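# Predicted model, plus sequence, below.
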Amino acid sequence: MEKPRKRAKHTRSKLGCRVCRIRRVRCDSTRPSCVKCTSTGRTCEWYPTPDRTDSSVIRIARPNFSSFAPFNSMEDRFLKFYRNNTVFHMTGQCRVDFWATTLLQISEYEPCIRYGLVALGALHESFDDEQFSNSRLFPHDTEIGHYAWIYYIKAIESLKMYIDLENWKGVDVALCCCVLCAVFEWLRGCYTTAETHLRSGLSILNRWAADDIQNGGTDEPKSSTRANLVRHHLTPVLHRLVTQTRTFIATPLPCTALLVSEQDYIPSPHLKAARNELYGILGQLNTDSHSSKSTEKHFKNTNDQKHLQILSRLSEWYGCYHLLLSDKNPHSMSLVISHTLITIMVRTSLSTDQMQFDEFNDDFRLIVDLASARSSSSASDGEMPVSIEVVPVLYYVALKCRDPCIRRRAVTLIQGCNKRALPWDSDAFARIAGEVVSVEEEGIDHVESSSCVPAAARVDRLYYWTDVYRRDSSIRFRRQGNREWSGMRFVTW
């Protein structure tokens, strides 16, 4: 009896076009347009030849916008606004590949990403319209604001359909959409909802990284282009946004923060290595170290062990790069600020006593000095006085450092930042931080040092509701040792 023929072993072609590889169909590699794409009406695009000098970097061709076929003129308008305006607010003074290229490329064939970019561009434009016209209208009541909300809902609905269809095979698109939704909510001033999106994204990322996928899991190797996108582009962006969210005092999670630049160009390869290693430590900070079935004792022991491991890694990191970090350039200063702030947050994460922060006044002063040096350098180059990346860091310093000079310098630097830049509103954070300073120093004649602010006067929990459209915030706080919440306070800017 003749044995059945066996299929020849083969690997997935690495020479196909980008669209076919994303769709997981065999490409005939016909250039400039393959048969699969032309027969289905898709725009065929190709990856450039990869640079083998750095296998961790994903080289994706810049999209050809002349061939971009928008569904309607309004979508085209808001996509252009995102590309020409929003991108620069997201990345500071330097275009970043993830925001400036990767998302735009994916949006050409994934509706949920396309709708997310349209929504973000429309909402951003609605604020510009309000700013220039001095209108006090709620943007949802305007035509542009209405478009933003409609496309935001479309993005979420499309994402649900995509997840039902692709499951874990579409983890990269799901994470991209989580990031876009979080930034959209940040721009609206809904920080709690933004954190919910980021928590979902972080949960997906942790499961993907741990291969905790059972039935219906992906067979895609972790060395694939899709996996590299998740590992080297999405992971740093998501961790950075998560940790910036946790600088808010209302967040009941252990606080960690990051001011590592996402800039594609780093002057020294050693600085790039330092940045990547700090991202690795950040990933450990954001990773759950216990299961839902863990006992309280096991949870505490695991937390203590993780706490010591992270402090050890931070110490080793600084010991390895301290000579390199002594160079006073913006990239080195950003890394020093990051390391200093993360160390403070880790060392204070096992206690809620607000008095412990007085031990770190020298570290807080270093952060403010470096941020001020960066702002002076930027101002001399004709850039904005303070990078938008610094806002959540200075905000945390203003809340946690009770030294009157240091915290007021932090508030002043926040005020010097661009007034309305994604995803932070510097005016709002400056007013909220200033209000907390006033609350803690009420009734004290002369605050000469942090020791003048007693524990009972210090705010350990803060909730605020910010209406970025009307430029006001409602604040409630709780002092250390007091279980009662304060009455509502209102600040405007």
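Here it is on my side, so go on. Residues are numbered from 1 along each chain as shown.
# For Arg275, see how far away Ser334 is.
In this structure, Ser334 and Arg275 are 9 Å apart, going by Cβ to Cβ, to the nearest Å. All C-beta atoms are positioned from the backbone trio N, CA, C, and that covers glycine.
# Buried residues in stretch 336-344, which are they?
336-344 (16 or more other Cβ atoms under 10 Å).
# Which of those residues fall within helices?
In helices, defined here by DSSP state H, the members of those are 336-344.
# Flag every buried residue along whichever helix in the chain runs longest.
The helix spanning the most residues in the chain, taking DSSP H as the definition, is helix 296-325. Buried residues in helix 296-325, counted by 16+ other Cβ under 10 Å: 303, 306-307, 310, 313-314, 317-318, 321, 325.
# name the helices or strands packed onto that helix?
helix 269-285, helix 330-347 (3 or more Cβ pairs under 8 Å, 6 or more residues apart in numbering; DSSP states H and E).
# orientation of the shortest one relative to helix 330-347 in degrees?
Right, the one you point to is helix 269-285. 20 degrees (axes from the mean of the first three to the mean of the last three Cα atoms, to 10 degrees).
# mind checking the SS state of Ile444?
coil (DSSP: H, G, I helix; E, B strand; the rest coil).
# For it, which non-adjacent residue is spatially closest?
Cys452 (5.9 Å; Cβ to Cβ, 6 or more residues apart in numbering).
# now Ala371
Val390 (5.1 Å).
# Could I get the full set of helices for the stretch 351-493 of the chain?
361-380, 391-400, 404-415, 426-440 (DSSP state H, counting those that start in this stretch).
# Nearest to His146 among those helices would be which one?
The closest of those to His146 is helix 426-440. By Cβ to Cβ, the value is 23.7 Å.
# tell me what that closest one is packed against?
Checking 3+ Cβ pairs under 8 Å, 6+ apart, helix 426-440 ends up next to helix 391-400, helix 404-415, strand 459-467, strand 472-479, strand 489-492.
# Residues contacting the second one, please?
Translated: helix 404-415. Residues outside helix 404-415 that contact it (Cβ atoms under 8 Å, 6 or more residues apart in numbering) are 361, 364-365, 368, 371-372, 375, 386, 390-391, 394-395, 397-399, 401, 426-427, 429-430, 433-434, 437, 441, 447-450, 452.
# list the contacts for the residue nearest to Ala371?
Here Val390 is in contact with 259, 337, 371, 374-375, 413, 417 (criterion: Cβ under 8 Å, 6+ apart).
# which is the next helix or strand following the host helix or strand of Leu165?
When elements are assigned from DSSP states H and E, Leu165 belongs to helix 143-166. Per DSSP H and E, the first helix or strand lying C-terminal to helix 143-166 is helix 171-188.
# can you dump the C-alpha coordinates of that next one into PDB?
The C-alpha coordinates for helix 171-188 follow below in PDB (Å, rounded to 0.1, in the frame of the first residue of the first chain):
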ATOM      1  CA  VAL A 171      -2.100  41.100  20.400                       C
ATOM      2  CA  ASP A 172      -0.100  43.900  18.700                       C
ATOM      3  CA  VAL A 173      -3.200  45.600  17.300                       C
ATOM      4  CA  ALA A 174      -5.000  45.200  20.600                       C
ATOM      5  CA  LEU A 175      -2.200  46.900  22.500                       C
ATOM      6  CA  CYS A 176      -1.900  49.700  20.000                       C
ATOM      7  CA  CYS A 177      -5.600  50.400  20.500                       C
ATOM      8  CA  CYS A 178      -5.300  50.300  24.300                       C
ATOM      9  CA  VAL A 179      -2.600  53.000  24.000                       C
ATOM     10  CA  LEU A 180      -4.700  55.200  21.700                       C
ATOM     11  CA  CYS A 181      -7.800  54.900  23.900                       C
ATOM     12  CA  ALA A 182      -5.800  55.800  27.000                       C
ATOM     13  CA  VAL A 183      -4.400  58.900  25.400                       C
ATOM     14  CA  PHE A 184      -7.800  59.900  24.200                       C
ATOM     15  CA  GLU A 185      -9.200  59.700  27.800                       C
ATOM     16  CA  TRP A 186      -6.200  61.600  29.100                       C
ATOM     17  CA  LEU A 187      -6.900  64.400  26.700                       C
ATOM     18  CA  ARG A 188     -10.500  64.500  27.800                       C
END
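# Averaged pLDDT, it. What do you get?
Averaging pLDDT along helix 171-188 gives 89.
# what do you get for stretch 112-126?
91.
# Render the CA-only coordinates of that stretch in PDB, please.
Extracted C-alpha coordinates of stretch 112-126, given in PDB (Å, rounded to 0.1, in the frame of the first residue of the first chain):
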ATOM      1  CA  CYS A 112      -9.800  50.000  15.000                       C
ATOM      2  CA  ILE A 113      -6.400  51.800  14.800                       C
ATOM      3  CA  ARG A 114      -7.700  54.000  12.000                       C
ATOM      4  CA  TYR A 115     -10.700  55.100  14.000                       C
ATOM      5  CA  GLY A 116      -8.600  55.600  17.100                       C
ATOM      6  CA  LEU A 117      -6.200  58.000  15.200                       C
ATOM      7  CA  VAL A 118      -9.200  59.800  13.700                       C
ATOM      8  CA  ALA A 119     -10.700  60.300  17.100                       C
ATOM      9  CA  LEU A 120      -7.500  61.500  18.700                       C
ATOM     10  CA  GLY A 121      -6.800  63.900  15.800                       C
ATOM     11  CA  ALA A 122     -10.400  65.300  16.000                       C
ATOM     12  CA  LEU A 123     -10.400  65.800  19.700                       C
ATOM     13  CA  HIS A 124      -7.000  67.500  19.600                       C
ATOM     14  CA  GLU A 125      -8.300  69.800  16.800                       C
ATOM     15  CA  SER A 126     -11.400  70.600  18.900                       C
END
